[in-house]
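> Need coordinates for the below:
(one chain, ligands or ions: 1)
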Amino acid sequence: MAQLWGGRFTGETAAAAYEFNASIGFDRRLFHQDIQGSIAHARMLAARGIIEPEERDVMIRALGEILEDVDRGRLSIDESCEDIHSFVEAELVNRIQDTGKKLHTGRSRNDQVALDMRLYTRERVLETEGQLAELLSVILGAMEENLETYMPGFTHLQKAQPVTLAHHYGAYFEMFRRDRLRLGDIYRRMNYCPLGAGALAGTTFPLDREYTASLLGFDGPAVNSMDAVSDRDYLIELLAALSTVMMHLSRFCEEIILWNSNEYQFVEIDDAYATGSSIMPQKKNPDIAELVRGKTGRVYGALVSLLTTMKGLPLAYNKDMQEDKEVAFDAMDTVGDCLALFTGMLRTMKFRKDRMAASARNGFANATDAADYLAAKGVPFRDAHAVVGRLVLYCIEKGTSIDELSLEELQGLSDKFEADIYEAVSLKACVEKRLTLGAPGPEAMKQALAGYRAYLAEGTLAERIAEGQEEADRER
Ligand code: ARG
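Purely as a prediction, here's the structure:
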């Protein structure tokens, strides 16, 4: 295969070296972006009088045809080319000869690949942001239906205090909302166009970088040409944000696996998202949740891999940077698949409300409330804590719970106990009395839900960009 750079060489590249160097096997994914960037570059070259308007038209038409031919399967990407940029250029020259050879004027593959990868990543950021919005709306739906679904809240995986399912899900709403906001921040920070940086030092042609940037929907050109070709911060930030998404998904999966176990039986995963065992007929395994938890490792791996690739690189472009793609693509694909599967699993999962409430009732999740009850009757909290501690010990020995003791038994430990204790330590009361902002009590939850609804009604980042709302917000 003819390379783009044969002139200076007298010898042939060793076949193994050519293979090792080539990236078309994975950067073929950037085909659309490569065409898109090339069209913008051709327009700008003509606008600056660097090529003739007729040459621009011929180039743009041919680039469009190459795009269509590949998309329709009439032309396949030739994997003997070094990379996707070489393929597009070779195909262009093949079709329009000398005119095609002018496209690379004032451009290097260094700024070209930086552009393609940014265009591609930008799309995937929007896609993931939209998937998170979808997940959030499923979580919100479940919250609205489970404001009075009582369950134990845990610390140290020991029953701690009663909460509601709505409240527990609300914690995940907050996590995934932050994940979404992070993607929005990354989008804004990365949305600068590297094209026109050339190999590293700009070019002698009078390019209009503002124009190409605006044609491609960027907020402006990247300011320093050496930085423009060698910045991969935006990918590192993205991989960190995606790692955090996975960490959140993984924690949620871990809980679902527990809740779905025979010991808990808080939920039942739908058959569509579970699998059986080849030997044990009774099994229904939470494989999807386990796989999402398991795939978290490879996304973390991508982050560490790229950080390590970048750490020793002198300015500006180095071939090491080609290593950004496979790991980043894999992480984006993995997170996309995990979000899709997880959201489906969550949407179809059934709650065993009876089991959750029974679990909250057994296990002294209301012990703090019994102590609060005594404290409200004038017993210093530290003493109340001790009384209820003895009460719990008494219950454990008797194999019963606080609300099942007789008033005489209760009064044997403190004469401040009265008949209203039973109501005070009921699940409903334990939850409803928790009225502080952020607590599971109904008032606090209503306030949170209203905020969440309004937040989701703002729409996705992609929708806001399409409506020009993003710019308006940023100018404010
Ligand atoms: N395949 C290369 C990459 O992904 C494209 C840039 C090549 N530039 C160069 N000077 N060899 O980084």
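
> From here on, just use CA atoms for contacts and neighbour counts.
Will do.

> what's around the residue nearest to residue 465 when sequence neighbours are not counted, how many residues?
Counting by C-alpha to C-alpha, 6 or more residues apart in numbering, residue 465 lies nearest to residue 471, which is 7.5 Å off, once chain neighbours are set aside. By other C-alpha atoms under 10 Å, the residues close to residue 471 number 12.

> same question, residue 327
Counted with other C-alpha under 10 Å, residue 327 comes out at 19.

> circling back: helix or strand: which one has the residue nearest to residue 465?
helix 469-475 (DSSP states H and E).

> Residue 153 now?
Under the criterion of DSSP H and E, residue 153 resides in strand 150-155.

> In the next helix-or-strand element following that strand, which residues are buried?
Downstream of strand 150-155, the next assigned helix or strand under DSSP H and E is strand 158-164. Buried residues in strand 158-164, counted by 16 or more other C-alpha atoms under 10 Å: 159-164.

> nearest to the ligand, of those?
Closest approach between those and the ligand, by C-alpha to the nearest ligand atom: residue 164, at 50.0 Å.

> partner residues bridging that closest one?
residue 150 (DSSP bridges).

> Okay, it and residue 94: tell me how far apart.
Distance of residue 164 to residue 94, computed by C-alpha to C-alpha, to the nearest Å: 66 Å.

> Worst mean pLDDT across the helices and strands of this structure, which element?
When each helix and strand of the chain is scored by mean pLDDT, DSSP states H and E, helix 469-475 comes last, with a mean of 68.

> Could you check how far the residue nearest to residue 240 when sequence neighbours are not counted is from residue 11?
If the residues on either side of it in the chain are set aside, residue 240 comes closest to residue 303, at 6.2 Å by C-alpha to C-alpha, 6+ apart. Separation of residue 303 from residue 11 (C-alpha to C-alpha) stands at 38 Å.

> Distance-wise, check the closest residue to residue 41 other than its chain neighbours relative to residue 139.
Counting by C-alpha to C-alpha, 6+ apart, residue 41 lies nearest to residue 212, which is 6.4 Å off, once chain neighbours are set aside. Remark: distance between residue 212 and residue 139 (C-alpha to C-alpha) = 41 Å.

> more crowded one of the two?
Between residue 212 and residue 139, residue 212 has the larger neighbour count (other C-alpha under 10 Å), namely 25 against 21.

> Quick check: pLDDT value at the more buried one.
Note on residue 212: pLDDT of 98.

> what's the helix or strand it falls within in contact with?
Per DSSP H and E: residue 212 is located in helix 209-215. Applying C-alpha atoms under 8 Å, 6 or more residues apart in numbering, the contact partners of helix 209-215 are 40-41, 44, 192-193, 195-196, 219-221.

> One more pass at 6 Å, please.
Contact with helix 209-215 is made by 40, 193, 196, 220-221, as judged by C-alpha atoms under 6 Å, 6 or more residues apart in numbering.

> for the following helix or strand past that helix, packing partners?
The C-terminal neighbour of helix 209-215 among helices and strands, as given by DSSP H and E, is helix 225-230. Where contact means 3 or more C-alpha pairs under 6 Å, 6 or more residues apart in numbering; DSSP states H and E, helix 225-230 is packed against helix 109-145.

> May I see the buried residues of the helix it packs on?
Buried-residue list, helix 109-145, by 16+ other C-alpha under 10 Å: 109-122, 124-140, 142-143.

> so it versus strand 158-164, what angle?
Relative orientation of helix 109-145 versus strand 158-164 (axes from the mean of the first three to the mean of the last three C-alpha atoms, to 10 degrees): 80 degrees.

> So for helix 109-145, mean pLDDT?
Rounded mean pLDDT across helix 109-145 is 98.

> any residue of it up close to the ligand?
Yes - using C-alpha under 6 Å from any ligand atom, helix 109-145 reaches the ligand at 109-110, 113.

> Run the chain-centre distance for that helix.
Taking the mean of its C-alpha atoms, helix 109-145 sits 7 Å from the chain's own mean (C-alpha atoms, centre = their mean, to the nearest Å).

> What of stretch 258-265?
27 Å.

> quick one: terminal-to-terminal distance for it?
Start-to-end span of stretch 258-265 (C-alpha to C-alpha) is 8 Å.

> follow-up on the earlier one: how about the strand holding residue 153: buried residues?
150-153.

> ranges for the strands of this structure?
Along the chain, counting by DSSP state E, strands occupy 150-155, 158-164, 267-268, 350-351.
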